[in-house]
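Show me how the following folds:
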Amino acid sequence: MTTEAWRPPLDFFENNPRARELRGACLNTLATLEKVLKTKNRTPFIPYLYRHHLLDLYSQLEMADGTFQELGIEERMHPDINLDTSHPETISEWIAGQLIEYLGPAIDHLTADDLEPIVNRFYFYLK
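Model prediction:
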């Protein structure tokens, strides 16, 4: 799988309605994950002070999880994908399938250091 070197052209996802819809859902999810990252990255991070803000963000992630499920996304879809030759719909499903595992309770246990590479990696593919 060649994932690090591949970057889609700007209109790559726009020509396929499902790919465009999944890309939008992924970008919304990444924006919420980025807010979680910024909240967890505050110095000093005192969980009980920011708990109400994180709970609001977690509810947004739960809604994103529902959106992905409605779109038929499952965790780790297309594990053997070749980004250089795959269809936009397949790539957007792959990205969504990677993100979906961070939309449940596991997000609460991730540190900012765990979350930052995830957010940066998938923004790279979608922007």
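
who are the neighbours in contact with the most centrally placed residue in the chain?
The residue lying closest to the centre of the chain (CA atoms, centre = their mean) is L99, at 3.8 Å. For L99, the contacting residues are C26, T29, L30, L33, F68, I118, F122, by CB atoms under 8 Å, 6 or more residues apart in numbering. Placement of C-beta: from N, CA and C, glycine included.

Among those, which pair sits farthest apart?
F68 and I118 (15.4 Å; CB to CB).

Of the two, give the one with the bigger neighbour count.
F68 (22 against 17; other CB atoms under 10 Å).

From V36, how far out is the more buried one?
17 Å (CB to CB, to the nearest Å).

what's the burial count for D80?
D80 has 6 neighbours, counted by other CB under 10 Å.

which SSE is it in?
Under the criterion DSSP states H and E, no helix or strand holds D80.

Apart from its neighbours in sequence, what residue is nearest L37?
Once flanking residues are discounted, L37 sits nearest to L115: 4.7 Å by CB to CB, 6 or more residues apart in numbering.

Pull out the buried residues from the contacts of L99.
C26, T29, L30, L33, F68, I118, F122 (16 or more other CB atoms under 10 Å).

tell me the mean pLDDT for stretch 78-86?
Averaged over stretch 78-86, pLDDT sits at 86.

Okay, buried residues for that stretch please.
Neighbour-count burial for stretch 78-86 flags H78, I81, L83 (criterion: 16+ other CB under 10 Å).

Might one say that the last one is in contact with W6?
Spelled out, it's L83. Yes. Using CB atoms under 8 Å, L83 makes contact with W6 at a distance of 3.9 Å.

quick one on the thing from earlier: any idea what the residue nearest to the centre of the chain is structurally, helix, strand or coil?
Look at L99: counting by DSSP: H, G, I helix; E, B strand; the rest coil, its state is helix.

For whichever strand or helix holds L57, list the C-alpha coordinates in PDB.
Secondary structure from DSSP H and E places L57 in helix 47-70. What follows is helix 47-70 as a C-alpha-only set of coordinates in PDB (Å, rounded to 0.1, in the frame of the first residue of the first chain):
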ATOM      1  CA  PRO A  47      -9.400  16.900  32.700                       C
ATOM      2  CA  TYR A  48     -12.100  18.000  35.100                       C
ATOM      3  CA  LEU A  49     -11.900  21.600  34.000                       C
ATOM      4  CA  TYR A  50     -12.400  20.800  30.300                       C
ATOM      5  CA  ARG A  51     -14.700  17.800  30.800                       C
ATOM      6  CA  HIS A  52     -17.900  19.700  29.800                       C
ATOM      7  CA  HIS A  53     -16.200  21.000  26.600                       C
ATOM      8  CA  LEU A  54     -15.000  17.500  25.700                       C
ATOM      9  CA  LEU A  55     -18.400  16.000  26.400                       C
ATOM     10  CA  ASP A  56     -19.900  18.400  23.800                       C
ATOM     11  CA  LEU A  57     -17.200  17.400  21.300                       C
ATOM     12  CA  TYR A  58     -17.800  13.700  22.000                       C
ATOM     13  CA  SER A  59     -21.500  14.000  21.300                       C
ATOM     14  CA  GLN A  60     -20.500  15.500  17.900                       C
ATOM     15  CA  LEU A  61     -18.300  12.500  17.300                       C
ATOM     16  CA  GLU A  62     -21.100  10.200  18.100                       C
ATOM     17  CA  MET A  63     -23.300  11.900  15.500                       C
ATOM     18  CA  ALA A  64     -20.500  11.500  13.000                       C
ATOM     19  CA  ASP A  65     -20.300   7.800  13.800                       C
ATOM     20  CA  GLY A  66     -24.100   7.600  13.000                       C
ATOM     21  CA  THR A  67     -23.500   9.400   9.700                       C
ATOM     22  CA  PHE A  68     -20.800   7.000   8.800                       C
ATOM     23  CA  GLN A  69     -22.900   4.000   9.700                       C
ATOM     24  CA  GLU A  70     -25.800   5.400   7.600                       C
END
